[in-house]
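Novice: For reference, the sequence and a predicted model appear below.
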Amino acid sequence: MSAEQEPDFVQPEHFAFDAESEQAIPGILAKYPPGRQASAVLPLLDLAQRQMQRTTGSAWIPTAAMNVVAERLAMPPVRVYEVATFYLMFNLRPIGKFHLQLCTTTPCWLRGSDEVVAACRKATGIAGWHETSADGLFTMTEVECLGGCVNAPILQVNDDFYEDMDGPATERLIEALRRGETPPPGSAIGRQGSAPLGGPLTLLDGKG
Amino acid sequence: MVKLTVDGIALEVPNGCSVLQAAELAGKEIPRFCYHERLSVAGNCRMCLVEVEKVPKPVASCAWPVAEGMVIKTDSPMVRNARRGVMEFLLINHPLDCPICDQGGECDLQDQSMGYGWGDSRYREPKRAVMEKDFGPLVKTVMTRCIHCTRCIRFLAEVGGAPELGATARGEDMEIGTYVQQALTSELSGNIIDLCPVGALTSKPYAFVARSWELTRTDSVDVLDAVGANIRVDARGPEVLRVLPRINDDVNEEWLADKSRFAIDGLKHKRLDRPWVRRDGKLVPASWDEAFAAIAARMKDLPGEKIGALAGDLACAESMLALKDLMSALGSHNLDCRQNGARLNAARRDFYLFNTTIAGIDRADAILLIGTNPRREAPILNARIRKRWLSGHVPVAAIGPAVDLTYAAEWLGVGPAVLTSLLSGEQSFAEKLEVAKQPMLILGQGALARPDGEAVLAAAWQLAQRFGMLHADWHGFNVLHTAAARVGALDLGFLPAPGAKGFWAMRAGAVDLLWLLGADEFEVARIPPTTFVVYQGHHGDRGAQRADVILPGSAYTEKNGTYVNTEGRAQRGRLAVYPPGEAREDWKILRAFSAVLGRPLPYDDLKTLREKLATTHPVFARVGALPAAGCTDQSGPGGDPAAMLPNPFTFPIANYYQTDSISRASPTMVRCTETYYPGLAMAAE
Ligand code: SF4
Ligand code: FES
Ligand code: FES
C-alpha cells in the first residue's frame, strides 16, 4: 500500500539560490553543451539541497526550490519533480541534521546490519524508517547497497561512510554526533582501506 | 523499402517502420497499451511482444525497427506466453473493479485480458493503492487503475503543449500526477480520457451515467468552434450523454477540444421547448399557431425593407437558406451573419477562408498570426500549428497581446503598425517570411471585427502577396473564424444586398421586424424597443430574453444540418436525438411560417432543400471534400492599409469555456470558468 498522506510539514513559499550557490551554477552549466542545460537538473537539485542544509540545517528540497531549478533550466516544473522523486538521495521533506542512512542489503545484513539498526533506534529513540528523532537531530532511512560491501555493514551519515559498524560503535558514533563532534569516517575497527581483516595474506604467504 | 515476413506473409514495408507497424501492414493485430500512433514511442508496457527469428528474447514490437529479411511471428507459443506474463504483472496491482468502472465495456485492459489473462490470480499479497488526484472539473481519476503507460503524460507534453503531468517516484511507488495538486490547463485535456487504455482517467461529468453498450452512436460534426471537428454523438433515449471525436486526419486528427466534448450538458438546460409570445410586456407560453399569427400580424403592413434577419453562430446552412428565401419572398435583403461586426469581404471565397487548410499547416514553413489567439479560438487548429512548430522549427510570429500559445511565438507587437513595418521590410521577421517557400498568415476575428477591419484585411492580403504566400499550388492567406455557421452563411450570401441594411444598422433599429436565427452573440439588449424581435433558437439566452416572439428550434444534435468550417469544408451534422417538447427542426419552422404567409418555400423535404442548396451554391454539393488549394487570382479584396488605426488588436474570446448559448447553459462549463477564469466567474455573479 502506498497511499500518500497529507504532508505534516510546511513548504516554504519561496526559495532562491544564495550567493554561494549562484557562484557554483555557471561552472555546472558549462559542463553541458548549449541547448542541453536541462542535463544540469541533478547537480542543481543537489546544490539546492546542500544550500538548505547550510542555511537551515536540514538537507531537503522544497517544491519552491524545484520550481526555481525548472525555471533556471527552462524545463516544465513537472519534469523536475519527476527527477527529484526518482532519486531517493533527494529529500522532499525536512530531515534531521544527521541523516542516518542504513544499508540493510544482503552483504551488510549478513555482517550484522540488524544490530546497527537496533543501536540507532536505541540511541536516537526513533521507531520507524523516515522518522526524525524528537530532538530533530537524526533521521533514519533504510537504503540499498551503498557500494561499500567489503567493509559491511555501512552506516552513512550525511556524506560520510562509517564502516565495519556494530552495535556499540554505532551508539558511540551517535553520542559523539550529539555532542557536536565529527568522528573521522571510515572503518570502525581500524581496517586499512578494504584490506582483509586479518592482515594481508597472499603476499606474505607467497613462499610456496 | 524493407522485405520481411510476418507470420509467413511476405511483404515490403517502408524503412524506419517499427515491427508493430509492419505487422499491422500485414493485417496482424498487435495488442498494446502504451503505443499510440500519434504520440512518441515509450515502449514501457511490453504488451506488444513478438518473436523475431534470431533474436533470443521476445521483442517490444512498437520500439523495434524493421530490418531486411526479418522473420516475425506474432502468434507463436513464445509470444502468447510472454504476453500472458506481461498481463499477469499488469494485473498484480490493478484493482479489477470493472463492475464499478466507467471504462468497462470499452477498456483495452479488459479486452486484452480476455485474450491473455489467466482465469484467476496467483497473487496473494496486498495490492497497492494510489491516492486520487484532482485534475480539475473535467477529468476524473482513479489512479489505482493506472498501468503507467504514460500516454496521458505524452499527450499533454507533445500535443497539448501543457506539460503538467508526470510520473513521480518509481517502482511500486510510481504515480502519474501533477505532483503539486493542480487542475490541468490544456483546452485539449479531455483527450487523455480517450487515450487512457484503462479506467484511470474517465470523464468527470459522465461518471456513472451510462454503459457504453446502452448508447446509440450518431456520426456528426461539432459546431462550438469553426474547426468542424468530426464527432460521434452518443445518446440514450432523448438525452445526449457524451460526445467523442471521430478520426479525420484533415480536420481534427483524432482529437476534440474540451468545450466541444464537455459542453453538451448545456443541451439539457435553459431549453426553449415551446413557443412564447410577448403580451403586455411579458413573455407568455403560446401555441405555434399563435406565435406565427403574432409575427404575421406584425409583418402585415411592413414593406420588405423594414424587415431584417441575423443568422447566429450555430445556424446550419439549411435553416439559413430557408430564412434567406423567406426574406426574399418578403422583399427584404437586410441580411447579415457577422454578429461580431467583422469586416469580412465575401466577394471571393478565398478572402474569407482558411485557404491553406488545416492539414496544409503541416507544410507551412513560416507562420504569422494576426489578431488571433488560436488556443482559445480553435484549440485543435492550434495543436496543428504546435505540431508543425515541433516538427520543423518553423518560425512562428504573432501580432496582438502576448499570450501562451503552447509554442514559442515571437510577439512582434500589439497593433496594425506591425503590418506596416512588415510590409516595408523594417520588421526583422520579414526576413524569415522572405526566405520561406510556403509561408502562411492567419488573420483572426480580433483583427477584422474593428472599424478598420477592411484596411487590416487589405494589409494582410498585401503581406501575403509581398511574401510569396499566394501561388498556384500554395495559398497562405487564411482567415480563422470562431463561428461554425459563418463560412456557410458567407457562402450562401447571408449578407446585406448593396444598399440594404447590415448588422450595425439593424441593431440600431433600422428595421421594424428583426428575425434572429439563434443570434445571441451581440448586445441584443441594445436593439431599440421599437423593433419587433423574433427569436428562433434552442436556448433561452440573450436573444430570447429580448424577443417578442420565440420560436423553439433545435440544437446541432437534434437536426440534420450542413456546416462549412473555416477551411470551407462542408460537413453534415446528423440528428442524434429529437428536439425537446414542441421544438422543431429549424428549416421546417421557416417552411411552416412561409405557408402561414401564403408564400410557401419551394421545398417540402430535406432532400429538395439540399438540392436547392447544392444547385445555388456548389460548395454544398461537395460534402467533406475541399477543392485543390492554391491561389489563382492575386488581386486583393480592396481597402486601404493606410486607413489602419493605431489601437491594438484584442482577441475575441475571453472565456474559452463559454462562447455560445449551449456552453453558457452548461453546468460543466460554468465549473470550468470558475476553475480557470475565477475573475470572470466572479464578475458574472
Ligand atoms: S492514467 Fe491512463 S493514460 Fe495515464 S499512464 Fe495511467 S494508464 Fe496510462
Ligand atoms: S550491501 Fe551494504 S554496502 Fe553493499
Ligand atoms: S506497446 Fe510496445 S511496449 Fe507498450
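Specialist: Noted; the coordinates are in hand. Numbering: from 1, shown residues only, chains lettered A, B, ... in the order given. Ligands and ions are numbered 1, 2, ... in the order given.
Novice: could you dump the longest helix along chain B to CSV, C-alpha only?
Specialist: If you go by DSSP state H, chain B has its longest helix at helix B:77-92. C-alpha atoms of helix B:77-92 as CSV (Å, rounded to 0.1, in the frame of the first residue of the first chain):
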residue,chain,number,x,y,z
PRO,B,77,3.6,-20.1,-28.3
MET,B,78,6.6,-18.0,-27.1
VAL,B,79,4.7,-14.8,-27.9
ARG,B,80,1.5,-15.9,-26.3
ASN,B,81,3.4,-16.9,-23.2
ALA,B,82,5.3,-13.7,-23.0
ARG,B,83,2.1,-11.6,-23.3
ARG,B,84,0.4,-13.7,-20.7
GLY,B,85,3.3,-13.0,-18.4
VAL,B,86,3.0,-9.3,-19.1
MET,B,87,-0.7,-9.3,-18.5
GLU,B,88,-0.2,-11.1,-15.2
PHE,B,89,2.2,-8.5,-14.0
LEU,B,90,-0.1,-5.6,-15.1
LEU,B,91,-3.0,-7.1,-13.2
ILE,B,92,-1.0,-7.6,-10.0
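Novice: can it be found next to chain A?
Specialist: No - residues of helix B:77-92 contacting chain A under Cβ under 8 Å from any Cβ of the partner chain: none, with a closest distance of 13.5 Å. Using the backbone N, CA and C atoms, a C-beta is placed for each residue, glycine as well.
Novice: In that helix, which residues are buried?
Specialist: Within helix B:77-92, the residues scored as buried using 16 or more other Cβ atoms under 10 Å in any protein chain shown are B:79, B:82-83, B:86-88, B:90-91.
Novice: Run through who's touching the helix or strand where A:T85 lies.
Specialist: If you go by DSSP states H and E, A:T85 is part of helix A:77-86. Applying Cβ atoms under 8 Å, 6 or more residues apart in numbering or on different chains, the external contacts of helix A:77-86 come out as A:38, A:41-42, A:45, A:61, A:63, A:66-67, A:69-70, A:73, A:90, A:92, B:163-170, B:178-180.
Novice: The helix ranked longest in chain A and chain B, any residue contact?
Specialist: Ordering each helix of chain A by length in residues (DSSP H) puts helix A:41-56 first. No - Helix A:41-56 stays out of contact with chain B when judged by Cβ under 8 Å from any Cβ, the minimum separation being 12.8 Å.
Novice: orientation of that helix relative to helix A:77-86 in degrees?
Specialist: Here the directions of helix A:41-56 and helix A:77-86 differ by 70 degrees (axes from the mean of the first three to the mean of the last three Cα atoms, to 10 degrees).
Novice: Report the buried residues of the next helix or strand along the chain from helix A:41-56.
Specialist: On the C-terminal side of helix A:41-56, the closest following helix or strand by DSSP H and E is helix A:63-72. Residues of helix A:63-72 classed as buried under the neighbour-count rule (16+ other Cβ under 10 Å) are A:63, A:65-70, A:72.
Novice: Kindly reformat those as TSV containing pLDDT and distance to B:K282.
Specialist: Formatted as TSV, those follow (pLDDT from 0 to 100; distance: Cβ to Cβ, whole Å):
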residue	pLDDT	distance to B:K282
A:T63	97	57
A:A65	98	63
A:M66	98	60
A:N67	97	57
A:V68	98	61
A:V69	98	64
A:A70	97	59
A:R72	96	64
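Novice: Run through the residues of chain B sitting next to chain A.
Specialist: Within chain B, the residues that sit near chain A (Cβ under 8 Å from any Cβ) are B:126-131, B:157, B:163-170, B:172-173, B:175, B:178-180.
Novice: Any quick PyMOL command for the buried ones out of these?
Specialist: The following PyMOL line selects those of the residues of chain B next to chain A that are buried, judged by 16+ other Cβ under 10 Å:
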select buried, chain B and resi 128+130+131+157+163+164+165+166+167+168+169+175+178+179
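Novice: What about the residues of chain B next to chain A, which are in strands?
Specialist: Using DSSP state E, B:166-168, B:175 are the members of the residues of chain B next to chain A that sit in strands.
Novice: on that earlier part again, just the buried residues of helix B:77-92 now: which is nearest ligand 1?
Specialist: Of all these, ligand 1 sits closest to B:L90, with 9.9 Å by Cβ to the nearest ligand atom.
Novice: Surely that closest one is in contact with B:C149?
Specialist: No - using Cβ atoms under 8 Å, B:L90 is not in contact with B:C149; the gap is 9.6 Å.
Novice: intersection of neighbour lists for these two?
Specialist: Counting by Cβ under 8 Å, 6+ apart, the shared contacts of B:L90 and B:C149 are B:33, B:45.
Novice: Over to the residue of the stretch 201-350 of chain B found nearest ligand 1: give its phi and psi.
Specialist: The minimum distance from the stretch 201-350 of chain B to ligand 1, using Cβ to the nearest ligand atom, falls at B:L201 (4.9 Å). Dihedral pair for B:L201: phi -120, psi 120, per degrees, to the nearest 10.
Novice: what residues are up against it?
Specialist: Neighbouring residues of B:L201 by Cβ under 8 Å, 6+ apart: B:135, B:139-141, B:152, B:192-193, B:195.
Novice: Would you mind giving those residues as JSON lines with pLDDT added?
Specialist: Shown next, in JSON lines, are those (pLDDT from 0 to 100):
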{"residue": "B:F135", "pLDDT": "96"}
{"residue": "B:V139", "pLDDT": "97"}
{"residue": "B:K140", "pLDDT": "97"}
{"residue": "B:T141", "pLDDT": "97"}
{"residue": "B:C152", "pLDDT": "98"}
{"residue": "B:I192", "pLDDT": "98"}
{"residue": "B:I193", "pLDDT": "98"}
{"residue": "B:L195", "pLDDT": "98"}
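Novice: Those in strands, which ones?
Specialist: Judged by DSSP E, strands contain the following of those: B:139-141.
Novice: how about CSV for these, with neighbour count added?
Specialist: Below are these laid out as CSV (neighbours: other Cβ atoms under 10 Å in any protein chain shown):
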residue, neighbour count
B:V139, 24
B:K140, 22
B:T141, 22
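Novice: Closest to ligand 3 out of the residues you listed?
Specialist: For those, the nearest to ligand 3 is B:T141 (21.2 Å; Cβ to the nearest ligand atom).
Novice: residues contacting that closest one?
Specialist: Counting by Cβ under 8 Å, 6+ apart, B:T141 touches B:132-135, B:200-201.
Novice: check contacts around residue 177.
Specialist: You didn't pick a chain, so chain A it is. Applying Cβ under 8 Å, 6+ apart to A:L177 gives the contacts A:98, A:137-138, A:157, A:183.
Novice: hmm, I had chain B in mind actually
Specialist: The contact partners of B:G177, taken as Cβ under 8 Å, 6+ apart, are B:133, B:143, B:165-166, B:168.
Novice: B:L310 falls within a helix, correct?
Specialist: No - applying DSSP: H, G, I helix; E, B strand; the rest coil, one finds B:L310 to be strand, outside a helix.
Novice: Near it, how many other residues are there?
Specialist: 32 (other Cβ atoms under 10 Å in any protein chain shown).
Novice: quick revisit: quick check, the longest helix of chain B touching ligand 1?
Specialist: No - judged by Cβ under 6 Å from any ligand atom, helix B:77-92 stays clear of ligand 1, getting no closer than 9.9 Å.
Novice: and that helix, what does it pack onto?
Specialist: Counting contacts by 3 or more Cβ pairs under 8 Å, 6 or more residues apart in numbering or on different chains; DSSP states H and E, helix B:77-92 is packed against strand B:49-52, helix B:108-116.
Novice: would CSV of the ones you listed with distance to B:N565, mean pLDDT and mean neighbour count be doable?
Specialist: Supplementary listing: those in CSV, determined by distance: least, Cβ to Cβ, whole Å; pLDDT from 0 to 100; neighbours: other Cβ atoms under 10 Å in any protein chain shown:
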stretch, distance to B:N565, mean pLDDT, mean neighbour count
strand B:49-52, 41, 97, 23
helix B:108-116, 31, 94, 17
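Novice: quick one: which of the ones you listed is nearest B:G281?
Specialist: Closest to B:G281 of those, according to Cβ to Cβ: helix B:108-116, at 59.0 Å.
Novice: elements contacting the closest one?
Specialist: Judged by 3+ Cβ pairs under 8 Å, 6+ apart, the packing partners of helix B:108-116 are helix B:77-92.
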